[in-house]
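Colleague: Structure here, sequence nowhere to be found:
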């Protein structure tokens, strides 16, 4: 890896951004899949073609119905991706071999991340309360739990990551002199 180390300072911000956008994109896919299926049924269920044995309702169920089933996995993909990123943050904090002086900027980055997460969490709660997609948001229960309590999650992740980083530095020992 040619003397490369992970950037533990930015991983929390990456977690915030990815968690928000993965959930939002998942909600939009599920919503659009359901809407397209419903509109196709409205338009084509009672339609027939002369000299054809096409059953539009069955065709819609065989195509868009399967797409909607596949989109149903987005509920779980969103939460597993978030949990995996938290584990990756902890592993990254363990692998860091910075000098102890870099713990102070880490604390400032965690504080900034907590402040940013408050705005993201509030924005997410406004989106979730929108009547158009409120029903779709309820299916993302795990992601809702994390994103609605994002400042608490970021605080815990940041503190635990910092503790892991400091414990690893103490465990590794070594000379951290600046000369």
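Modeller: Right, received. Where do you want to start? Just so it is clear, the model here is predicted, and its values are computed rather than measured. Residues are numbered from 1 along each chain as shown.

Colleague: What's the local residue count around residue 143?
Modeller: Close neighbours of residue 143, defined as other CB atoms under 10 Å, add up to 26. From N, CA and C alone the C-beta is placed, and that goes for glycine too.

Colleague: For it, identify the helix or strand it belongs to.
Modeller: Using DSSP states H and E, residue 143 sits within helix 141-148.

Colleague: got the angle for the next helix or strand after that helix vs helix 141-148?
Modeller: The element immediately downstream of helix 141-148 (helix or strand, assigned by DSSP H and E) is helix 150-172. Inter-element angle recorded for helix 150-172 and helix 141-148: 80 degrees (by axes from the mean of the first three to the mean of the last three CA atoms, to 10 degrees).

Colleague: How about residues contacting the worst-scoring helix or strand of the chain on mean pLDDT?
Modeller: Ranked by mean pLDDT, DSSP states H and E, the weakest helix or strand in the chain is helix 56-71, scoring a mean of 84. Here helix 56-71 makes contact (CB atoms under 8 Å, 6 or more residues apart in numbering) with 26, 29, 30, 33, 34, 36, 37, 40, 41, 44, 45, 47.

Colleague: Kindly reformat the residues you listed as CSV containing neighbour count.
Modeller: Shown next, in CSV, are those (neighbours: other CB atoms under 10 Å):
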residue, neighbour count
26, 23
29, 16
30, 22
33, 20
34, 16
36, 14
37, 17
40, 17
41, 15
44, 15
45, 11
47, 9
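
Colleague: Return the closest of the residues you listed with respect to residue 136.
Modeller: For these, the closest approach to residue 136 (CB to CB) belongs to residue 30, at 5.2 Å.

Colleague: if I look at that closest one, how far off is residue 132?
Modeller: 13 Å (CB to CB, to the nearest Å).

Colleague: helix, strand or coil for the residue nearest the centre of the chain?
Modeller: Nearest to the geometric centre of the chain sits residue 19, at 2.2 Å (CA atoms, centre = their mean). Look at residue 19: counting by DSSP: H, G, I helix; E, B strand; the rest coil, its state is helix.

Colleague: Model confidence score at it, please.
Modeller: On pLDDT, residue 19 comes in at 94.

Colleague: secondary structure element for residue 15?
Modeller: Here residue 15 is assigned to helix 11-44, by DSSP H and E.

Colleague: and that helix, what does it pack onto?
Modeller: Counting contacts by 3 or more CB pairs under 8 Å, 6 or more residues apart in numbering; DSSP states H and E, helix 11-44 packs against helix 56-71, helix 74-95, helix 103-129, helix 134-138, helix 141-148, helix 150-172.

Colleague: Not counting its neighbours along the chain, what's nearest residue 134?
Modeller: residue 128 (6.7 Å; CB to CB, 6 or more residues apart in numbering).

Colleague: okay, now the one you found: neighbour count?
Modeller: By other CB under 10 Å, the residues close to residue 128 number 18.
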